[in-house]
Each structure stands twice: as C-alpha cells, then as structure tokens.
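Trainee: build me a model:
(chains A, B, C and D)
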Number of protein chains: 2
Amino acid sequence: MNIIDEAGILAISTRLQRLSDQLRKDGQLIYQACGIDFEPKWFPVIWTLTSKPLLSVVEIAEEIGYTHPSTISLLKELEKIKLIRSRKDKADERKRLIALTPKGRELVEKMRPVWHVMALSLAEITNTPNNLLRAVEEVEAKLKERSFLEGAKNIWNAGKDGVSL
Amino acid sequence: MNIIDEAGILAISTRLQRLSDQLRKDGQLIYQACGIDFEPKWFPVIWTLTSKPLLSVVEIAEEIGYTHPSTISLLKELEKIKLIRSRKDKADERKRLIALTPKGRELVEKMRPVWHVMALSLAEITNTPNNLLRAVEEVEAKLKERSFLEGAKNIWNAGKDGVSL
DNA sequence: TGAAGATATGTAGTCAACTACGTATATTTG
DNA sequence: CAAATATACGTAGTTGACTACATATCTTCA
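Mentor: Have a look, this model is predicted:
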C-alpha cells in the first residue's frame, strides 16, 4: 500500500459521509422537482411500513437500523404531516403501534414511479467495476464478524509481541 | 431490478452514513487505545499539512473537500490544542496561513505506525469482491460527470416525453 | 407475590457536517 | 481611480444522526 492509498483508506469515513450527503441532497431535489412533499430520510420508515403495516417504535428502529430516539424523531415528523398514525397496543401498554394513514398510502403510490426512476439512476451511477451497494453489503458483513477496532488490535499485537492494546 | 434491490439502492445514502459513522467511532477508540489524543475528523487537515506545509484556510478546505466554515471549526480545535499555528499572509492580508507546530509534527510521527495499522485493518475489511474505496472513487468520478439529479431527470424525460422536469 | 430485571418509549443534549449571511481586503474595469 | 466584483475568512443557525438518562409497563422467579 503506497502513501496515497494509505491516505485514501484512512479518510474513507469522511468520503462515505460526503457521498451520502451528496446523494441525499439530490434526492431531496428530485422529490421537489416532482412536486412531492417528501424527504429522503423518511424513506426507510415509509418503505418498512409498506411491507409491514403495523409495527412498534422499536420494531421500526430495528428494521431500518437506527437507534430508537432517531426513529422517534422521524415518526414525530411523519405523524405531524399525517403520513402515519399511532395508537397504544392494548395487549402491551408500553408499545405504540405505527401504521400508514390513507394519505400515507396514497403518497406511496404517487411516489412509486419516482422511486423507480431514482433507483434506475442510482443503479446507473453505481454500475462501475466495483459496485458500491455490493461493496457496502460486503463490508457490513465483514464488520459483523470483526470490527475495525478488533482488526486493528490484532494487527498491532501480531506486530508488537508483548505490547498488547 | 427487483423490489428488494430497489429498497437497497434507495436507502444507499442512509447506509453509507451509518458505515461512515461506525468506522469513525472505531477510529476514535483506536487512537484512545494507543494513548493518542487525536480525533479521526482531524486526519484530513493534518495529513494535508504534512505534505503541503503552509496553506490558507480555503486552500485546506479545497484539499480536504469540506466547506470553509467546517474547515475553520476544525482549525480552531487544532489550534487550541496547539497542533497547528496560523498567521496573516503579509502579501495578502485576507489570508490566514496555517502550518503544523513542532508539537504537531511530533504527533504525526508518533501516529504514523498507528495510521499504518489502521490502513492495514481497513484494507483487510474492504478487501472484498467489490472494493469499497474503489467503488467510492468510481462513483465520485461518475457524479462529477453527471449528478444523481441530472441522471434521474434524463431517465424521467426519456420515459415521459413532453412532461419535462 | 413482590422485588428485580427486562423492555418500550420518551427527553435532553451532543456532534460533525452543512447553508446563509456578513465583513474585510484585493482585483478588475468603465 | 472609483465603483463593482471577486475572494478570504468568520459567525450564526440548521440538520440528522447519536448517547445518556428517565419513566412506565411487563415478566420472571425466589
């Protein structure tokens, strides 16, 4: 690995974030251009509720891979604009069950063609020798086995016997 | 593209961000474990100043690909802990020239072996059929040619003649 | 059966980037 | 050469995620 590659890989976190941001912002503009009042950050919640129509807060958080406080704040926004509704679970009063409203379901149908176009455009953009979506999936899978931290510790300890981290 | 793939690619921004965050946090832990008082977000600035020792604020921002306000706040932190210093450019009084302090240069030397281990670990993690760093580079290059927004507009207009976005 | 622990939700505050805007200095041009 | 424009830097406020902590309800088991 040369010095340039080293800088590249060490700054990978930064670059992932910038790329994410760039895509999210353009997503926002696309919704706007289509006259749709929707934000990219709402997509995971709405998409999840489309296939699983009645879920608790924590269940949604797990599905979309966010923490529950983040999820709560998304749900608040979505409830405010009446795309979702919620009610107490009578079987377990700790739970709040979330579902799309009719307005929410209508908007989903309106957005489907836009999502399709977005997906096509993203597929075209990420259709390169190394596929970004696959790469992310592969790295996520590897990190599940062993974190960056653990990997670094192993390498360190292999190199410097006796000086354990 | 099936419905699962569509969700995956539409949520790519979200996933990039989470992955970025995960790596950054582990990076932080690695510095800590090595007893080094350094944060991953400072890396691009410090790395840049290592190869280009005297730069203005905006020059650094351009090098690291951040906005200048973001860069200023990084520089403030770095100046506070005396890893960098700054002085007015006498030739152009609008500019503030930034350089590493001796303490900064010392820390860089101390960090080099840690960076090397991190780079090895990251290289191992991203060594999958689709290489993440390459994928990011390829997508960045494609976006430079044509943004996500432009691509989506083209696809939309190709499909719905006359209903231009 | 009641105390301890687990689970579900909520609130407050943090963080690391951003945009929008303002001021100071330099450069260009009519 | 003065006015307009461009450039450099700075501040204020926003955003979208997070962690830490608090409360309410449920479950388990001694």
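Trainee: leaving out chain neighbours, which residue sits closest to the residue in chain A that DNA strand D sits nearest to?
Mentor: Nearest residue of chain A to DNA strand D (Cβ to the nearest atom of the strand) works out as A:Ser70 at 3.0 Å. C-beta: built from backbone N, CA, C; applies to glycine. Spatial nearest neighbour of A:Ser70, excluding adjacent residues (Cβ to Cβ, 6 or more residues apart in numbering or on different chains): A:Ala61 at 7.4 Å.
Trainee: for that neighbour, helix, strand, or coil?
Mentor: Secondary structure, DSSP: H, G, I helix; E, B strand; the rest coil: A:Ala61 is helix.
Trainee: got it, and the one 5 residues further on?
Mentor: Under three-state DSSP, A:Tyr66 falls in the coil class.
Trainee: how much space between it and A:Arg94?
Mentor: The spacing between A:Tyr66 and A:Arg94, counted by Cβ to Cβ, to the nearest Å, is 19 Å.
Trainee: more neighbours: which of these two?
Mentor: Remark: of A:Tyr66 and A:Arg94, A:Tyr66 carries more neighbours, 19 against 9, as counted by other Cβ atoms under 10 Å in any protein chain shown.
Trainee: now do the contacts for that one.
Mentor: A:Pro44, A:Leu74 (Cβ atoms under 8 Å, 6 or more residues apart in numbering or on different chains).
Trainee: give me the pLDDT value at it.
Mentor: For A:Tyr66, the model assigns a pLDDT of 94.
Trainee: what's the longest helix along chain A packed up against?
Mentor: Among the segments of chain A that qualify as a helix by DSSP state H, the longest is helix A:102-125. Identification of packing neighbours for helix A:102-125 by 3 or more Cβ pairs under 8 Å, 6 or more residues apart in numbering or on different chains; DSSP states H and E yields helix A:12-33, helix A:43-51, helix B:3-10, helix B:132-145, helix B:148-159.
Trainee: if you count neighbours, what's buried in it?
Mentor: A:104-105, A:107-108, A:111, A:114-125 (16 or more other Cβ atoms under 10 Å in any protein chain shown).
Trainee: now stretch A:88-105
Mentor: Taking 16+ other Cβ under 10 Å as the criterion, stretch A:88-105 shows A:Lys95, A:Leu97, A:Ile98, A:Leu100, A:Gly104, A:Arg105 as buried.
Trainee: any idea how far A:Asn154 is from A:Asp89?
Mentor: When A:Asp89 is compared with A:Asn154 (using Cβ to Cβ), they lie 45 Å apart.
Trainee: with A:Gln17 instead?
Mentor: Plainly put, A:Gln17 is 26 Å away from A:Asn154 if you go by Cβ to Cβ.
Trainee: cool, and A:Val117?
Mentor: Counting by Cβ to Cβ - A:Val117 and A:Asn154 are separated by 45 Å.
Trainee: near DNA strand D, which residues of chain A show up?
Mentor: With Cβ under 7 Å from any atom of the strand as the criterion, chain A comes near DNA strand D at residues A:Arg24, A:Glu39, A:Lys41, A:Tyr66, A:Thr67, A:Pro69, A:Ser70, A:Ser73, A:Leu74, A:Asp92, A:Glu93, A:Arg94.
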